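J.: pasting the sequence and the predicted coordinates here, then a few questions.
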Amino acid sequence: MKILLLGYRGMLGADLLLKLSADHEVHTTGSDELDISSGEACQNVISAVMPDLVINAAAYTDVDGCESKREKCFSVNAQGVKNIAIACRDRAIKIVHFSTDYIFDGAKDSPYVETDACRPLNSYGLSKLEGERFLEAFSDNFLIIRSSWLYGKNGRNFVTTILEKARSVGRLDVVTDQVGSPTYTEDLADAVVSLINGGHRGIVHVTNSGSCSWYDFTQKILRFAGITNLPAFPITSDKLTRPAARPSYSVLDCRKFALLSGNSMRPWEEALHDYMASAGLGKVPIYRRNNLDTLP
Ligand SMILES: NC(=O)c1ccc[n+]([C@@H]2O[C@H](COP(=O)([O-])OP(=O)(O)OC[C@H]3O[C@@H](n4cnc5c(N)ncnc54)[C@H](OP(=O)(O)O)[C@@H]3O)[C@@H](O)[C@H]2O)c1
């Protein structure tokens, strides 16, 4: 296939480029070559490349920044998706797009399925939901993959932030009342490739399996990095003054993905361990599958 990958320098985009290039002819654009908030630019680039498939990994992903830069946030995450959808509709081009667990309000206490009602708590979630709605309205050939809590080798993320803080501050305060599923972008990229190869459409949830709070996630990061002398303290979200509200529970139910692909995503702890080992993040203890509790 001839694929146009938008946002190839991003955390997920860079992993997608690596995985897709093995079997497909992949054309890429960064924001300097195509600003998706311009409808005309989308038309020009898509008509010049004429791909079989457009993958949109471009987004404005600064969740707190979206509160103060609402215009930019909506111009990329909502209008940008509409621009891509319109440019692809006239040429019958399929679109693969990414969305987020932050379209949900967190009021459930069991994993969210694809058909659950969406009620975002912040501007980022609202802009991503609007992007989904534009895609549904302007394209009849799309796949929306919703994922959550991404980390990977090609960008600053929660894991690198915690390790930076571990080196520079004496203690860490981390929230226990937000629960989700950390997801490794390499695993997500593999899942995306399998959904593309299977020709699937519609909305599909894909995350690493299992769930945890940011506090549990931090404990595991410190443990895998061999950091034993840094206390991490559990706190609640009301102790933090962050511009954007977050859902208290945003675990996604990935059974549809398993059914479509015939594969299940591996546990988040296993993926985190692989990421930290292969990215050289600290002293990593020996890991034995299905035996996480025996780690030092
Ligand atoms: N990060 C998460 O925890 C998370 C969770 C759930 C879902 N998602 C979704 O997953 C997708 C990928 O996220 P990510 O974390 O990999 O993103 P990322 O690392 O922030 O990368 C986003 C990319 O978007 C590009 N971009 C930004 N504004 C643009 C514009 N106006 N026109 C064209 N390109 C633009 C940037 O390109 P340049 O580098 O060239 O400037 C950047 O490389 C997004 O749809 C995001 O909403 C992310």
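T.: Right, received. Where do you want to start?
J.: show me the contacts for whichever residue of the stretch 101-250 of the chain sits closest to the ligand.
T.: In the stretch 101-250 of the chain, the residue that lies nearest the ligand is residue 150 (3.6 Å; C-beta to the nearest ligand atom). Backbone N, C-alpha and C define where each C-beta goes, glycine included. Listed by C-beta atoms under 8 Å, 6 or more residues apart in numbering, the contact set of residue 150 reads 11-12, 157, 183-185, 188.
J.: ranges for the helices of this protein?
T.: 11-21, 39-49, 65-68, 70-74, 80-89, 123-138, 158-168, 185-197, 214-224, 255-261, 268-278 (DSSP state H).
J.: and the residue of the stretch 101-250 of the chain closest to the ligand, bridged to which residues?
T.: Residue 150 has the following beta-bridge partners by DSSP bridges: residue 183.
J.: is it true that residue 79 touches residue 37?
T.: Yes: with contact defined as C-beta atoms under 8 Å, residue 79 reaches residue 37; the gap is 5.7 Å.
J.: what sits against the one residue in the stretch 1-150 of the chain that gets nearest to the ligand?
T.: For the stretch 1-150 of the chain and the ligand, the shortest gap (C-beta to the nearest ligand atom) falls at residue 10, measuring 2.3 Å. Counting by C-beta under 8 Å, 6+ apart, residue 10 makes contact with 57-59, 61, 154-155.
J.: what about 10 Å?
T.: Shown in contact with residue 10 (C-beta atoms under 10 Å, 6 or more residues apart in numbering): 16-17, 30-31, 57-59, 61, 98, 150, 152, 154-155, 185.
J.: can you check residue 23 too?
T.: By C-beta under 10 Å, 6+ apart, residue 23 lies in contact with 1, 3, 193, 196-197.
J.: gap between it and residue 197?
T.: 8 Å (C-beta to C-beta, to the nearest Å).
J.: what's the answer for residue 37, then?
T.: Distance from residue 37 to residue 197, by C-beta to C-beta: 30 Å.
J.: more neighbours: which of the two?
T.: The residue with more neighbours, out of residue 37 and residue 197, is residue 37; 21 against 12, by other C-beta atoms under 10 Å.
J.: so that one touches residue 75, yeah?
T.: Yes: between residue 37 and residue 75 there is a contact under C-beta atoms under 10 Å: 4.0 Å.
J.: okay, and the common contacts of the two?
T.: 60, 83.
J.: need the residues of the stretch 151-296 of the chain near the ligand, please.
T.: Contact residues (C-beta under 6 Å from any ligand atom) of the stretch 151-296 of the chain with the ligand: residue 155.
J.: residue ranges with poor pLDDT in the stretch 151-296 of the chain?
T.: Filtered on pLDDT under 70, the stretch 151-296 of the chain yields the residue ranges 282-296.
J.: please redo it, this time with the cut-off set to 90
T.: By pLDDT under 90, the weakly predicted segments of the stretch 151-296 of the chain are 164-171, 227-232, 240-241, 280-296.
J.: same deal with the stretch 1-150 of the chain?
T.: Along the stretch 1-150 of the chain, the model assigns pLDDT under 90 to residues 90.
J.: close to the ligand: what parts of the stretch 1-150 of the chain are there?
T.: 7, 9-13, 30-32, 34-37, 57-61, 76, 80, 98, 100, 128, 147-150.
J.: what subset of those residues is buried?
T.: Buried positions within those, assessed by neighbour count (16 or more other C-beta atoms under 10 Å), are 7, 9-13, 34-37, 57-61, 76, 80, 98, 100, 128, 147-150.
J.: so which of these sit within strands?
T.: Using DSSP state E, the members of those that fall in strands are 98, 100, 147, 150.
J.: for these, which one is nearest residue 114?
T.: Comparing those against residue 114 with C-beta to C-beta picks out residue 147 as the nearest, at 12.5 Å.
J.: may I see the buried residues of stretch 103-111?
T.: Those would be 103-106, 108, 111, for stretch 103-111 by 16+ other C-beta under 10 Å.
J.: skip the chain neighbours and tell me the closest residue to residue 13.
T.: Closest residue to residue 13 apart from its sequence neighbours, by C-beta to C-beta, 6 or more residues apart in numbering: residue 57 at 3.7 Å.
J.: and the one you found, what does it touch?
T.: Counting by C-beta under 10 Å, 6+ apart, residue 57 makes contact with 5-17, 28, 96-98, 185, 189, 192.
J.: rerun at 7 Å
T.: 5-8, 10, 12-13, 16, 98 (C-beta atoms under 7 Å, 6 or more residues apart in numbering).
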